[in-house]
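[1] Provide a 3D model corresponding to the input given below.
(2 chains)
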Amino acid sequence: MDTQNASHFIQDIIEQDLQSGKHETVVTRFPPEPNGYLHIGHAKSICLNFGLARKYGGRCHLRFDDTNPKNEDPEYVHSIIEDVKWLGYDWGEHLYYASDYFQKFYGYALQLIEQGQAYVCSLGPEEIRRYRGTLTRPGQNSPYRERGVQENLDLFQEMKKGSFEEGTHVLRAKIDMASSNINMRDPVIYRILKAEHHRTKDAWCIYPTYDYAHCLSDSIEGITHSLCSLEFQDHRPLYDWFLEKLGVKCHPQQIEFARLSLNYTVMSKRKLTQLVQGGHVQGWDDPRMPTISGLRRRGYTPGSIRKFCDLIGGAKSDNVVDMTLLEYCIREDLNRRAPRYMGVLNPVKVVITNYPGQGSEELEAINNPEDESMGTRSIPFSGVIYIEADDFREDPPKKYFRLAPGREVRLRYAYFITCREVVRDQETGMIKEIRCTYDPETKGGDAPDGRKVKGTLHWVSAAHAVKSRVRIYDRLFSRPNPLQDEKKGLGLDDTLNPDSLQEMHGCMMEPAVKELAPGDFLQFERLGYFCVDQASRPRSPVFNRTVSLKDTWAKIEKKMQNQ
RNA sequence: UGGGGCGUAGCCAAGCGGUAAGGCAACGGGUUUUGGUCCCGUCAUUCGGAGGUUCGAAUCCUUCCGCCCCAGCCA
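    As a prediction, the model looks like this:
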């Protein structure tokens, strides 16, 4: 199903390493901090890490990078596990937590101190910042930089015991305060944090920082290729420094790639949180959110997301992928797999004046023209049906070939009908019903005399219709780059798409939809792909539109309007 | 202005000294009982700009320009 697309530079590196014998197997890891929900940007990293491991017969670990108890929560570890599983990846026995290595990290810190390569600094946060210098000016050595090994050992011991308050002391690597790389200016590797950790509880009150913990976690797990995003490029010398000074046997290679951006949405946790907390969406799993859980509720399939990640590849240049590519991926997947139904979102009554009596009949319909094995079903037809309001025009524009006065069209899988009369409400002027005649000879949709019609409409028998609710989703933002808009001073009110959610009531579906269960996907013919909402019930179904079908007519109509 | 990266079509992206893959989008056409799908075709004389090396440069060199990241005891 996944196409294993074109080579990218990470693959090249792996293949070289395998060929040269540097590595016999590939070991990667996906290392989220459990401090939020995963989004499509994470999916890129997940697909890269798990996908590469799978492709080369290696393995990929799921590791929670839980080194900061102030940010983390078990709720997030659960949701992350669910999301990665749902995407179709399996870490086997290799579920790890950085917090499982705290004791080892501590031992390594002692080693660094003993080697004279780490020291306890008693400057406050503000002073540390001042001593660090600026981008263009070198930093200055901390007055505590030359403390003796024993003093450092004692102090670090006291830090661990909880003798000090937060912010009073840190352990720092002794590297180079004049380095042009700010990350090398004696970075903090341990800080005092008196918070309860979601796994180690109150066992520790000192916690390692990312730079120190990450490379060591990778090393402990025998990672061969440690993939991360571009902003960590400047940290690579530090990553290597720790592993070198500590003399560990396993020294993974850090490789950076560009994170994913998608237009018409946002990926930053800050903005996403703002959307949720500001009530602009209904939660982290709102179907308009770019979160994995949101996409899932929207009806995106794991395969479509994997396909998407495969198509975008992995490179080092900043990128903004077009939303239409994601939509293409879900359409492609669902076109092959989604069973078809007929449903009318915005019903208009059609009375077939020459249809005999009050009776009805069963017509046969194909469940999926792309897959014969999905079989057929029967649909009831009768003298009163609903069609889509948009499929009738009293005064049809050019190139419109749906129903209009005097015009003949096909009702899919049923009959040709011809519009004879439009009945309007006396007071409101609204169309009450459209009166048509049908041609009994065209049963099934073909005319024995070879007569052709240009339009084929979907329809639902009024007497058999299942009334339901439908939520039409559209892109969250009306402008392609909300983050840049924000820098220009525009707020959410200016950039959010006011029509990103349209709730429709009184939609009329064919009776077969009663068999559908929450989570099922389907196509309503001529409308789009939908999924059955979790709140859906057989007698009162709720559908979420995942994505519309491509709409050539809308394009033509728009073009004509612009002329 | 210090350091680290990146510039190939509207978007993503191959290309690694031998004469610009592929996908999305767009546009045109064919098939069609979904204006869907599918099929066919069009879409970079040029790779951020300018010089240079070479028989030959997107690929090598020089220089200029543009964009992104870094001054958390976040990751």
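[2] ok, A:R475 touching A:S500?
    Yes. Counting by C-beta atoms under 8 Å, A:R475 touches A:S500, with 6.5 Å between them. To be clear about C-beta, it is placed using only N, CA and C from the backbone, and glycine gets the same treatment.
[3] Quick check: neighbours shared by these two?
    Shared contacts of A:R475 and A:S500 (C-beta atoms under 8 Å, 6 or more residues apart in numbering): A:R288.
[4] ok, the helix or strand A:H505 falls within: who's next to it in the sheet?
    Per DSSP states H and E, A:H505 falls inside strand A:501-509. Using DSSP bridges, strand A:501-509 pairs in its sheet with strand A:343-344 (antiparallel), strand A:466-473 (antiparallel).
[5] For RNA strand B, which of the ones you listed is the nearest?
    Of all the strands paired with strand A:501-509, the one in closest proximity to RNA strand B, counting by C-beta to the nearest atom of the strand, is strand A:343-344 (11.1 Å).
[6] Verify the contact between A:P208 and A:P187 for me.
    No. Applying C-beta under 8 Å, one finds A:P208 not in contact with A:P187, separated by 11.3 Å.
[7] average model confidence for the strand holding A:H505?
    Averaging pLDDT along strand A:501-509 yields 98.
[8] for whatever helix or strand comes next after it, packing partners?
    Downstream of strand A:501-509, the first helix or strand assigned by DSSP H and E is strand A:521-524. Applying 3 or more C-beta pairs under 8 Å, 6 or more residues apart in numbering; DSSP states H and E, we find strand A:521-524 packed against helix A:323-337, strand A:340-341, strand A:528-532.
[9] Sheet partners, orientation included, of strand A:521-524?
    Neighbouring strands of strand A:521-524 in its sheet, by DSSP bridges, are strand A:340-341 (parallel), strand A:528-532 (antiparallel).
[10] Contact residues of the stretch 51-200 of chain A facing RNA strand B?
    Within the stretch 51-200 of chain A, the residues that sit near RNA strand B (C-beta under 7 Å from any atom of the strand) are A:65, A:67-68, A:70-71, A:123-125, A:128-129, A:132, A:134-136, A:166-170, A:180-183, A:187-188, A:191-193.
[11] PyMOL command to pick out the buried ones of those residues?
    Filtering these down to the buried ones (16 or more other C-beta atoms under 10 Å) takes a single PyMOL command:
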select buried, chain A and resi 65+67+68+123+128+132+169+170+183+187+188+191+192+193
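[12] among the residues of the stretch 51-200 of chain A next to RNA strand B, which are in helices?
    Of those, the ones assigned to helices by DSSP state H are A:P125, A:I128, A:R129.
[13] Which residue is the nearest non-sequential neighbour of the first one?
    This points to A:P125. A:G167 (5.7 Å; C-beta to C-beta, 6 or more residues apart in numbering).
[14] Could you verify my assumption that the one you found touches A:G124?
    Yes. Counting by C-beta under 8 Å, A:G167 touches A:G124, with 6.0 Å between them.
[15] Would you pull up the residue in chain A closest to RNA strand B?
    For chain A, C-beta to the nearest atom of the strand, closest residue to RNA strand B: A:G445, 2.0 Å.
[16] quick one, strands of the stretch 401-550 of chain A?
    For the stretch 401-550 of chain A, strands defined by DSSP state E, counting those that start in this stretch occupy the ranges A:408-411, A:416-424, A:431-438, A:456-457, A:459-461, A:466-473, A:501-509, A:521-524, A:528-532, A:542-548.
[17] now the stretch 151-300 of chain A
    Using DSSP E, counting those that start in this stretch, strands in the stretch 151-300 of chain A cover A:170-173, A:188-192, A:206-208, A:225-229, A:253-257.
[18] any chance of those in TSV, with mean pLDDT too?
    Output for the strands of the stretch 151-300 of chain A, formatted as TSV (pLDDT from 0 to 100):
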stretch	mean pLDDT
strand A:170-173	98
strand A:188-192	98
strand A:206-208	98
strand A:225-229	98
strand A:253-257	98
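[19] among those, which is nearest A:V77?
    strand A:206-208 (17.1 Å; C-beta to C-beta).
[20] in the closest one, what's buried?
    For strand A:206-208, burial by neighbour count (16+ other C-beta under 10 Å) applies to A:I206, A:Y207, A:P208.
[21] Give the other helices and strands that it contacts.
    helix A:102-114, strand A:188-192.
[22] from the chain's centre, how far out does it sit?
    32 Å (C-alpha atoms, centre = their mean, to the nearest Å).
[23] So what touches that strand?
    For strand A:206-208, using C-beta under 8 Å, 6+ apart, the contacting residues are A:67-69, A:98, A:102, A:105, A:109, A:159-160, A:171, A:189-193, A:197, A:216.
[24] okay, now the closest residue in space to A:E503 that isn't next to it in sequence: neighbour count?
    Nearest residue to A:E503 in three dimensions, chain neighbours excluded: A:R471, at 5.5 Å (C-beta to C-beta, 6+ apart). By the criterion of other C-beta atoms under 10 Å, A:R471 has 17 neighbours.
[25] Residues in a beta bridge with A:R471, which ones?
    Beta-bridge partners for A:R471, by DSSP bridges, are A:E503, A:N544.
[26] and the closest residue to A:A178 other than its chain neighbours, what are its phi and psi?
    Among residues not flanking A:A178 along the chain, A:P138 sits closest, at 3.9 Å (C-beta to C-beta, 6+ apart). Main-chain torsions, A:P138, degrees, to the nearest 10: phi -60, psi 160.
[27] List the buried residues in the lowest-mean-pLDDT helix or strand in chain A.
    The helix or strand of chain A with the poorest confidence is helix A:482-487; it has a mean of 90 (mean pLDDT, DSSP states H and E). Within helix A:482-487, the residues scored as buried using 16+ other C-beta under 10 Å are A:P482, A:L483, A:D485, A:E486.
[28] circling back: so which of the strands paired with strand A:501-509 is the most surrounded?
    strand A:343-344 (a mean of 26; mean count of other C-beta atoms under 10 Å).
[29] That one vs RNA strand B: in contact?
    No. Under the criterion of C-beta under 7 Å from any atom of the strand, RNA strand B is not reached by strand A:343-344; the shortest gap measures 11.1 Å.
[30] Name the nearest residue to A:P287, sequence neighbours excluded.
    A:R298 (3.7 Å).
[31] Surely that neighbour is in contact with A:F543?
    No. A:R298 is beyond contact range of A:F543, at 11.6 Å (criterion: C-beta under 8 Å).
[32] So for the two, which residue has more residues nearby?
    Comparing A:R298 with A:F543 by other C-beta under 10 Å, the one with more neighbours is A:F543, at 29 against 22.
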